[in-house]
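Asker: Kindly generate the corresponding structure for this input.
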Amino acid sequence: MLPGPPPGMPAEPSAARGGFAVVDVEATGRSPWRHRMVEVAVVLLDERLRPEGEFCTLLDPLGPVGPTHVHRIAQEDVEGAPRFREIAPLLLDLLAGRVLVGHHVTCDHAFLDREFARIGVPLPPVPSLCTMRLARDHLPEAGGFGLAACVAAAGLGGFAAHTALGDARATAALLRHCLGAPSCPPGDWAEPLREAARVPWPRLGRARSAPVPLLPRELVHAAPSGLPNGLLYGPRPPLEPPPAMALKSSGAMGSTA
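Answerer: Next up, the predicted model:
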């Protein structure tokens, strides 16, 4: 069952943008200062944690892709992928007005902050929630606090680990699990939502963005824990489905929510 709206939030989401942006990045290394993002995914949730849409793309890091054995992205996979500056306007639109969520969110935020800084766009002070920290407080049965251990302890099923979209979907499911726990007071997420709505966000003109091609839906993995398949943009290499995952195929996709 979805947790109800926290105090001070409407029972139904308003027409204004708000909610949560669950983010995961794959990178060429561990340092936001020395390394670059090679894949980014965003799962959008409304104020009641209901899925609204998804975005995912590979990125051209303008250099070596780094640890392929971890993220399974080869150098040839990023040929023709957009550069960060080409998706920056859309990414800003997706993040604006929302609470930034990640598993060890400071890492994802640091990479986003540095990528935007490289194109001269300072990110505002974004309110955030970390599912690793939430799991420490509300998932004591977890044997460890990596994403896979937390997802297993919460009984959320398998996911495509170390892919940006797979990790973002799993993090979104973990967020819903932790915020719905009896031990989680509503204030843990009400105040970040209110704060996010007040943050002024920069905007980028579309002239700075190149068109990003649609990804064929047959490459989209089925989502864990009931999260629906959303909309993906940009080239993504075919992946072997992990256990308990399936591939879906359907027609062309429209634009994201």
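Asker: tell me the helices in this protein, going along the chain?
Answerer: Remark: helices assigned in the chain by DSSP state H are 68-71, 84-95, 105-118, 131-138, 147-153, 164-179, 187-198.
Asker: Kindly compare burial across those helices and name the winner.
Answerer: helix 164-179 (a mean of 26; mean count of other Cβ atoms under 10 Å). Placement of C-beta: from N, CA and C, glycine included.
Asker: packing partners for that one?
Answerer: Packing partners of helix 164-179 (3 or more Cβ pairs under 8 Å, 6 or more residues apart in numbering; DSSP states H and E): strand 20-27, strand 37-45, strand 51-58, strand 99-102, helix 131-138, helix 147-153.
Asker: check contacts around residue 76.
Answerer: Listed by Cβ atoms under 8 Å, 6 or more residues apart in numbering, residue 76 has no contact partners.
Asker: For it, give its distance to residue 163.
Answerer: Distance from residue 76 to residue 163, counting by Cβ to Cβ, to the nearest Å: 17 Å.
Asker: Please apply the same query to residue 95.
Answerer: Residue 95 sits at a distance of 20 Å from residue 163 (criterion: Cβ to Cβ).
Asker: Find me the pLDDT at residue 160, would you?
Answerer: Reported pLDDT at residue 160 in the predicted model: 88.
Asker: so how many other residues sit close to it?
Answerer: Counted by other Cβ atoms under 10 Å, the residues lying close to residue 160 total 21.
Asker: That one: what's its closest spatial neighbour, skipping adjacent residues?
Answerer: Spatial nearest neighbour of residue 160, excluding adjacent residues (Cβ to Cβ, 6 or more residues apart in numbering): residue 166 at 2.9 Å.
Asker: measure the one you found to residue 39 for me?
Answerer: 11 Å.
Asker: got it, and residue 80?
Answerer: Distance from residue 80 to residue 39, by Cβ to Cβ: 14 Å.
Asker: Have a look at the two and say which one is more surrounded.
Answerer: Between residue 80 and residue 39, residue 39 has the larger neighbour count (other Cβ under 10 Å), namely 28 against 11.
Asker: so the more buried one makes contact with residue 73?
Answerer: Yes. If you go by Cβ atoms under 8 Å, residue 39 and residue 73 touch, sitting 6.3 Å apart.
Asker: what residues do these two have in common as contacts?
Answerer: Jointly contacting residue 39 and residue 73 under the rule Cβ under 8 Å, 6+ apart are 26, 58.
Asker: And stretch 39-57, how far out from the chain middle?
Answerer: With Cα atoms, centre = their mean, to the nearest Å as the basis, stretch 39-57 stands 6 Å off its chain's centre.
Asker: Same check on stretch 74-89?
Answerer: Going by Cα atoms, centre = their mean, where stretch 74-89 is centred and where its chain is centred differ by 17 Å.
Asker: got it, and stretch 181-194?
Answerer: Centre-to-centre, stretch 181-194 and its host chain are 20 Å apart (Cα atoms, centre = their mean).
Asker: measure that stretch end to end?
Answerer: With Cα to Cα, to the nearest Å as the measure, the ends of stretch 181-194 fall 21 Å from one another.
Asker: 10 is where my numbering starts, stick with that
Answerer: Understood, numbering begins at 10; the last thing we discussed is stretch 190-203.
Asker: got the contact list for residue 190?
Answerer: For residue 190, the contacting residues are 147, 148, by Cβ under 8 Å, 6+ apart.
Asker: Next, work out how far apart it and residue 143 are.
Answerer: Going from residue 190 to residue 143 by Cβ to Cβ gives 9 Å.
Asker: low-confidence ranges in the stretch 160-266 of the chain?
Answerer: By pLDDT under 70, the weakly predicted segments of the stretch 160-266 of the chain are 196, 215-266.
Asker: change it to 80
Answerer: Filtered on pLDDT under 80, the stretch 160-266 of the chain yields the residue ranges 195-197, 214-266.
Asker: Do I have it right that residue 63 meets residue 53?
Answerer: Yes. The pair residue 63 and residue 53 passes the contact test of Cβ under 8 Å, sitting 7.0 Å apart.
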